[in-house]
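# Here is the input, now give the coordinates:
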Amino acid sequence: MAPLVYTTLITSLGLGTTTTFASTHWYLAWMGIEINTLAIIPLMAQNHNPRTIEATTKYFFAQATASATLLFASISNAFLTGEWDILQTHHPLTSTLITLALAMKIGLAPLHSWMPEVMQGLNLLTGLILSTWQKLAPLCLIYQIQPNSPNIFITLGLLSIIAGGWGGFNQVQLRKILAYSSIAHLGWMILILSFSPPLALIALFTYLMMTFSLFSSFMLINTTHISSLSTAWAKIPALTASVPFILLSLGGLPPLTGFLPKWLILQELTKQDLAPIALLAALSSLFSLYFYLRLSYTMTLTMPPNNPAGTLPWRLKPLYSTTLPALTTSTTIFLLPLAPAILALFTF
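As a prediction, the model looks like this:
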């Protein structure tokens, strides 16, 4: 792809998200989301092979359906209430339609079936953009809706946690596993959003940080299959030690950073007299922990069938910069002691 075209598409991604962030009008917010979609489709289809084209087509149809539903719901809200303001979306019908449309945009269960298939057809860099940046604009709108009843958010959250954990059980492709991991983490954010929006922001912040560090690590060792993780020690030995910690942090094990949002969310749900829901969410997260442990085991405790002769790859200069992955990996692993400061920052 030509540098000018690539720069234009990346700029459009930023412009679309910024437009949605700054909008108080449903039509402008919808325009920002559409700019995002139109900008990422050429990035997804830049590798001309049947699998990539299939993933791009699936993504386009899913996003077009969600965008049409979102536009219809916002027009219906303006017809019923006389308001285009996002914060004035109080009618139950339009609020539910908008929530479902945005849930399909980001891949929440039960509207998540497109997400793993699309991720499977992308390269790791585009998959990183789809898993992180593309979630921000719809989540910003979901954050502002706040329906009268939290039942829809609770239902979407629990279904996403269960589907995200159960779906990754028998997967061997890392991109599909990362897609199911994204679905599960988004479920935690939506589950707590009605009761404590700052905790949802903390969960989003930690998710973005952990996902970026894991994608960066996989890009450094250039792997997309679980079986090739066993050769990571010969490429970059430091990743053999750090990636399992990133995976366990994504699973929410203490004393790693990923334990922080789940701990606070379960505590808040218990305070809201929703102990059964908190128990179900905690037990469902064990599904996700299983395939994180599976990846950690493959990377650290298994060896490839033979060792390549000649100079080991880790002695060569890496193709990517390792500074940013090192910083995000450090924060993914060591940020739990700063939990009081993070909580004070997001609840200010």
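
# Other residues contacting stretch 87-99?
For stretch 87-99, contacts defined as Cβ atoms under 8 Å, 6 or more residues apart in numbering pick out 24, 26, 69-70, 72-74, 76-77, 80-81, 83, 141-142, 144-145, 147-148, 152-153, 156. Where you see a C-beta, it was placed from the backbone N, CA and C, and this is true even at glycine.

# Please list only the buried members of those residues.
For the contacts of stretch 87-99, a neighbour count by 16 or more other Cβ atoms under 10 Å gives the buried set as 26, 69-70, 73-74, 77, 141-142, 145, 147, 152-153, 156.

# what helix or strand does L15 sit in?
In this assignment (DSSP states H and E), L15 forms part of helix 3-22.

# I'd like to know which elements the worst-scoring helix or strand of the chain on mean pLDDT is packed against.
Of all helical and strand segments in the chain, the minimum by mean pLDDT, DSSP states H and E falls on helix 232-235, at a mean of 75. Using 3 or more Cβ pairs under 8 Å, 6 or more residues apart in numbering; DSSP states H and E, the elements in contact with helix 232-235 are helix 197-221, helix 237-251.

# now the last one and helix 197-221, what's the angle there?
It refers to helix 237-251. Relative orientation of helix 237-251 versus helix 197-221 (axes from the mean of the first three to the mean of the last three Cα atoms, to 10 degrees): 150 degrees.

# Pull out the buried residues from helix 237-251.
L239, T240, S242, V243, P244, F245, I246, L247, L248, S249, L250, G251.

# quick revisit: so which of the buried ones among the contacts of stretch 87-99 comes closest to L301?
The closest of the buried ones among the contacts of stretch 87-99 to L301 turns out to be L156 (Cβ to Cβ; 36.6 Å).

# about what we covered before: list the contacts of the helix holding L15.
Counting by Cβ under 8 Å, 6+ apart, residues outside helix 3-22 touching it are 28-29, 31-40, 42-43, 129, 133, 136-137, 140-141.

# following it, which helix or strand comes up?
Using DSSP H and E, the helix or strand that follows helix 3-22 in sequence is helix 26-44.

# What residues does N77 make contact with?
Under the criterion of Cβ under 8 Å, 6+ apart, the neighbours of N77 are W26, E83, W84, T89, H91, T94, S95, I98.
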